[in-house]
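Novice: Sequence first, predicted coordinates after that:
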Protein chains: 2
Amino acid sequence: MPNEPSEPLAPAEWKVMNIVWRRKRCAARDVCEEAKGEHGWAPSTVKTLLRRLVEKGHLQTTQVGNSFLYRPTRPALRALERAADTLLRNALEGTVGPLLAHMVKRSQLSDDELAELRALLDERSDDDPLTRKGRS
Amino acid sequence: MPNEPSEPLAPAEWKVMNIVWRRKRCAARDVCEEAKGEHGWAPSTVKTLLRRLVEKGHLQTTQVGNSFLYRPTRPALRALERAADTLLRNALEGTVGPLLAHMVKRSQLSDDELAELRALLDERSDDDPLTRKGRS
DNA sequence: TCTGACTGTCTACAGTTGTAGACATATCGC
DNA sequence: GCGATATGTCTACAACTGTAGACAGTCAGA
């Protein structure tokens, strides 16, 4: 039982996972409904994706009557962080800063989030001696 | 001639692109050499990937003698930004802030980059009325 | 000019992903 | 108990991906 499913999510799988994450847990029917509305998918499509996600360890099931309740095995944030790590691994020398800048620009952030990020940046430049060259 | 290749890069394709991006432009041989060292790939593997990348519009070629010079059609940063956009599209309500925090933590950023990010954050909280609710 | 080395092209093939129909079966209401 | 409905399973199949061998054309050196 791999607690952290290692296999990355394919695009269609992200869509299904997002539906389940939003609802915390749900039945196949709910996913089918929402996926039909959002992506126009046939129920079979959703069912196949759910099955594969269970196989890969991204979803857990609990049997309820003749059906399953699907539940993510890890929080959405963790999956996002994994994907972000992959992204960063692909970032060449000097592109990380601009990349983060781009993402900040694209994002709606709350005041709290902005404050937390600011704090992080300050921490960075305070305690990382390698980056302490040009500041007074 | 699609100036911005829309098809996303597969993992193996990122690896090849990164080699070409680092060198700005190069011959297949160079890529083969580096890819062999880094990933243990056979030359055929590299050649297939180069061909597919050209087909998809990620690489351009210039014929030189009996061989090609491969050159990226867009800068690495742009490809990264596209991938980042996809990542953000998968981010649920409330996960974007923590996600960015995670990325900042994982990244080595220069003083200049830190300063630029800080400036961006300040700009955000200054001019976005939606986020100006809790601050004095 | 002949040949060897190198380059790109063709072909291959297994595994993954996107998409979905067919179908057996379990359940719940009557 | 029986049938209608819903649920999961099996099967399918094309496209994409990872990986690579075989081969043909070409350029340079002998």
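Specialist: Yep, that arrived.
Novice: Name the surrounding residues that touch stretch A:67-86.
Specialist: Here stretch A:67-86 makes contact (CB atoms under 8 Å, 6 or more residues apart in numbering or on different chains) with A:3-5, A:8-9, A:17-18, A:20-21, A:24-29, A:31, A:50, A:54, A:57-63, B:11, B:87, B:90-92, B:95, B:98-99, B:102-103, B:106. Every C-beta, even on glycine, is put in place using the N, C-alpha and C of the backbone.
Novice: filter those residues by proximity to DNA strand D?
Specialist: Contacts with DNA strand D within the contacts of stretch A:67-86, counted by CB under 7 Å from any atom of the strand: A:27, A:28, A:29, B:11.
Novice: Just the buried subset of the residues you listed, please.
Specialist: residue A:28 (16 or more other CB atoms under 10 Å in any protein chain shown).
Novice: Show me what stretch A:91-107 is in contact with.
Specialist: Here stretch A:91-107 makes contact (CB under 8 Å, 6+ apart) with A:87-88, A:117, B:18, B:21-22, B:76-77, B:80-81, B:84-85, B:88, B:96-97, B:100, B:103-104, B:107-110, B:112-113, B:116-117, B:120-121, B:124.
Novice: Now do that stretch, average pLDDT.
Specialist: The average pLDDT within stretch A:91-107 is 96.
Novice: Ok, stretch A:22-33 next?
Specialist: Averaged across stretch A:22-33, the pLDDT comes to 94.
Novice: The nearest residue to residue A:59 once chain neighbours are set aside is in what secondary structure piece?
Specialist: Of all residues not flanking residue A:59 in the chain, residue A:53 sits nearest, at 4.4 Å (CB to CB, 6 or more residues apart in numbering or on different chains). For residue A:53, the enclosing helix or strand under DSSP states H and E is helix A:43-55.
Novice: going on from that helix, what's the next piece of helix or strand?
Specialist: Helix A:43-55 is succeeded, C-terminally, by strand A:59-64 (DSSP H and E).
Novice: coming back round to it: can you tell me which of the ones next to DNA strand D among the contacts of stretch A:67-86 lies closest to residue B:43?
Specialist: The closest of these to residue B:43 turns out to be residue B:11 (CB to CB; 19.4 Å).
Novice: For chain A, what lies in contact range of DNA strand D?
Specialist: Residues of chain A lying near DNA strand D (CB under 7 Å from any atom of the strand): A:27, A:28, A:29, A:43, A:44, A:47, A:48, A:51, A:66, A:67, A:68.
Novice: what sits against the third one?
Specialist: Translated: residue A:29. Shown in contact with residue A:29 (CB under 8 Å, 6+ apart): residue A:67.
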